[in-house]
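> Using only what follows, build the 3D model:
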Amino acid sequence: MNTPHHPVELTLDQCIKCNICTTGCPVSAVTDLFPGPKYEGPQASRFRQFDQPTPDASVDYCSGCRVCNMICPTGVKIAEMNARARAALVQQGKVPLIKRLRNNLVARAELLGKVAQPIAPLANFVFNFKPARWAVEKTLLIHQEAPLPRFSGQKFTTWFRKHRPVWADNGGPRRQVVYFHGCSTQYYEPRVGRAAVRVLEQNGCEVIIPPQNCCGLPLLSNGEFPAARRYHTNNVRHLVEYARQGIPIVGTSTSCTLTLKEEAPELLDMHDEDTLLVAQMTFDFNEFLLMLLDEGSLNLDLKPIPLKLPYHVPCQYRAHRLGRPGVEVLELIPELQVVESQAACCGIAGTYGYKSEKYDIAMQVGSELFDFIRQSVRDFRTPLAICDSETCRWQITHGTGIPAIHPVELLAAAYGFEAEQPLKEVLEG
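Next comes the predicted model:
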């Protein structure tokens, strides 16, 4: 646990100025407001000094998609450099007050959930009332067309407390697993959490849900590092005891698990033993299922699902550097055919596409994916898409009108559990 740490800025000397990152950047391809990863990352970092004024504002147009990191042949940590530069802008007061207020609002999904979920019908009406959205755009610079998710009438943890485990009548569990559900599952899409719990229990797992809060990634993405540090520290405090016992921490949100694994420790320079142990014991949901498959303990009693569906691997998922675990898991389901998107990004990038000055950029970035989804639905005649990231799912639906689900929902249906909407409608149609 005492692995030596080197600041991300030191990787700038690995840049060979090949411009591969710039040619692959989905943002610089559609706007001149962002000059490209090389110029904002390693090039500009040579002129940034600790506690010195930072001259660049265009770095805020980096979406943090990490495509540059993934295609860089020499391992330069470009996205992390840009995130740190954005935090410096915030720290030095160079972000206009109204934008900083807006950024803090959209970056606090947990706070919004706690306030609005108890009055979900009213909140959903207000958040989708066009005159209200127009007023919010004019005052808070949150685009009136941006895909705000609908609050659920019931929190995921409320359901979980009343839930009877599927193994309760067949001898008890074989192992324990901590489930990190994230804000989306808690307040907007509890169906994803219900499916995840059922799949884990079907594989002999006792699911533990400790106290937890937002992973802090939206705050990191908006340069609010001190608040993100508080969030991450609190999560580590609640998770580390399970990690010490060797109990895996599993999440269905690719962004949350990447933040626990890598983003928060690296960006915040948190390399204490507890933080690194939690990072080491955190796994993506599909990654964990493939571990069970490799050890021969994954339940393969799966019913056929005769569908052909388009699947998009989110940027944050590719940043895990795990290969294609979602596809590998879905291929276990008999008769299910999955056609992968080759699009670089959906454009939403967490909170990026919600901002009025970036909404059009986000939609242009996502246009290739939207075209793929629409064409797939026409060809396959099945109005449904698959994606692992919550904000990407919302962006897909916004850009195409096609509902999108998490892979775990298909897996739960293959285990024989009743599907929830929108998958239920497709299976019964």
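> quick one, strands of the chain?
Under the criterion DSSP state E, the chain contains strands at 175-180, 205-208, 249-251, 282-284, 308-312, 337-340, 385-387, 404-405.
> Nearest to K130, out of those strands?
Nearest to K130 among those is strand 404-405 (23.6 Å), distances taken as CB to CB. For every residue, glycine as well, the C-beta is placed using N, CA and C.
> quick revisit: possible to save the strands of the chain as JSON lines with mean pLDDT?
Listed next are the strands of the chain as JSON lines, based on pLDDT from 0 to 100:
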{"stretch": "strand 175-180", "mean pLDDT": "97"}
{"stretch": "strand 205-208", "mean pLDDT": "96"}
{"stretch": "strand 249-251", "mean pLDDT": "98"}
{"stretch": "strand 282-284", "mean pLDDT": "97"}
{"stretch": "strand 308-312", "mean pLDDT": "97"}
{"stretch": "strand 337-340", "mean pLDDT": "97"}
{"stretch": "strand 385-387", "mean pLDDT": "98"}
{"stretch": "strand 404-405", "mean pLDDT": "98"}
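> for those, which one sits closest to D32?
With CB to CB as the criterion, D32 lies closest to strand 308-312 of the strands of the chain, at 26.7 Å.
> so what secondary structure elements neighbour the closest one?
Where contact means 3 or more CB pairs under 8 Å, 6 or more residues apart in numbering; DSSP states H and E, strand 308-312 is packed against helix 325-330, strand 337-340, helix 359-380, strand 385-387.
> Show me what the longest one is packed up against.
Meaning helix 359-380. On a contact count with 3+ CB pairs under 8 Å, 6+ apart, helix 359-380 meets strand 308-312, strand 385-387, helix 390-400.
> Can you tell me which of those is most buried?
strand 385-387 (a mean of 27; mean count of other CB atoms under 10 Å).
> what about that one, distance to the chain center?
Counting by CA atoms, centre = their mean, to the nearest Å, strand 385-387 is centred 14 Å from the centre of its parent chain.
> now stretch 239-255
With CA atoms, centre = their mean as the basis, stretch 239-255 stands 16 Å off its chain's centre.
> What's the end-to-end length of that stretch?
17 Å (CA to CA, to the nearest Å).
> Can you point out the buried residues in that stretch?
239-240, 242-243, 247-255 (16 or more other CB atoms under 10 Å).
> just stretch 289-305 next, same as before
289-290, 292-293, 298, 302, 305.
> Run through who's touching that stretch.
Contacts to stretch 289-305, defined as CB atoms under 8 Å, 6 or more residues apart in numbering, come from residues 174, 199, 202-204, 283, 325, 328-329, 332-336, 410-411, 413-416, 427.
> Now it: average pLDDT?
For stretch 289-305, mean pLDDT rounds to 96.
> what distance separates that stretch from the middle of the whole chain?
Offset of stretch 289-305 from its chain centre (CA atoms, centre = their mean): 24 Å.
> what sits against Q421?
Shown in contact with Q421 (CB under 8 Å, 6+ apart): R191.
> separation between it and L410?
Using CB to CB, to the nearest Å, Q421 is found at 14 Å from L410.
> same thing with V59?
According to CB to CB, V59 stands 39 Å off from L410.
> count of residues packed around I208?
12 (other CB atoms under 10 Å).
> try P210
14.
> Same check on the one 3 residues further on?
Using other CB under 10 Å, the number of residues around N213 comes to 16.
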